[in-house]
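K.L.:
Generate coordinates for the sequence data below:
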Amino acid sequence: QVQLVESGGDLVQAGGSLRLSCAVSGEIKFITAMGWYRQAPGKQRELVAAITPGENINYLDSVKGRFTISRDSAWNTIYLQMDSLKPEDTAVYYCNLRMRSSILAPQRDYWGQGTQVTVSS
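P.N.:
Numbers count the residues shown, from 1 in each chain. The predicted structure follows:
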């Protein structure tokens, strides 16, 4: 069974930095992408950053130049380095894995439990 466990969320002042980690365990098969989403109170969950096996990386426009997604070589852990944090970055951050169990199987999303990031002004 695939499990994702996030860590690194904290309370930080505006302008500060945090590094989120997501540890992945279980039977990892055909990865489509891994990424970070966030959800602020009263808002929909949104994609913050994603990385594919081909090393294509996408960022939410509002975090470009401030956040960096990376991974280890075995796809066991992904990271989100967050610099120059702003109060509007406050949200619960979720790790996501999208993969297929076989070549012909449909894609499936796996989620972590979330980690709280709070940026004070």
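K.L.:
Name the residues that touch the helix or strand where T118 lies?
P.N.:
The secondary structure element spanning T118 is strand 115-120 (assigned by DSSP states H and E). Strand 115-120 is contacted by residues 6-14, 16, 18, 20, 38, 82, 85-93 when judged by Cβ atoms under 8 Å, 6 or more residues apart in numbering. Using the backbone N, CA and C atoms, a C-beta is placed for each residue, glycine as well.
K.L.:
That one - what's its average pLDDT?
P.N.:
The pLDDT scores in strand 115-120 average 98.
K.L.:
And stretch 20-32, by the same measure?
P.N.:
Per-residue pLDDT values across stretch 20-32 average out to 94.
K.L.:
Dump that stretch to PDB, restricted to CA.
P.N.:
Taking Å, rounded to 0.1, in the frame of the first residue of the first chain, the C-alpha atoms of stretch 20-32 are listed here in PDB:
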ATOM      1  CA  LEU A  20       8.700  20.500   3.200                       C
ATOM      2  CA  SER A  21       9.500  16.800   2.800                       C
ATOM      3  CA  CYS A  22       7.300  14.000   1.600                       C
ATOM      4  CA  ALA A  23       8.400  10.400   2.300                       C
ATOM      5  CA  VAL A  24       6.900   7.900  -0.100                       C
ATOM      6  CA  SER A  25       6.600   4.200   0.800                       C
ATOM      7  CA  GLY A  26       5.000   1.100  -0.700                       C
ATOM      8  CA  GLU A  27       4.900  -0.300  -4.100                       C
ATOM      9  CA  ILE A  28       5.600   2.500  -6.500                       C
ATOM     10  CA  LYS A  29       4.900   1.600 -10.100                       C
ATOM     11  CA  PHE A  30       4.500   3.800 -13.100                       C
ATOM     12  CA  ILE A  31       4.800   7.400 -11.900                       C
ATOM     13  CA  THR A  32       3.000  10.100 -13.900                       C
END
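K.L.:
got the phi/psi numbers for the residue nearest the centre of the chain?
P.N.:
Relative to the mean C-alpha position of the chain, the nearest C-alpha, by Cα atoms, centre = their mean, is the one of W36, at 1.9 Å. Geometry field for W36 lists phi and psi as phi -120, psi 130, criterion degrees, to the nearest 10.
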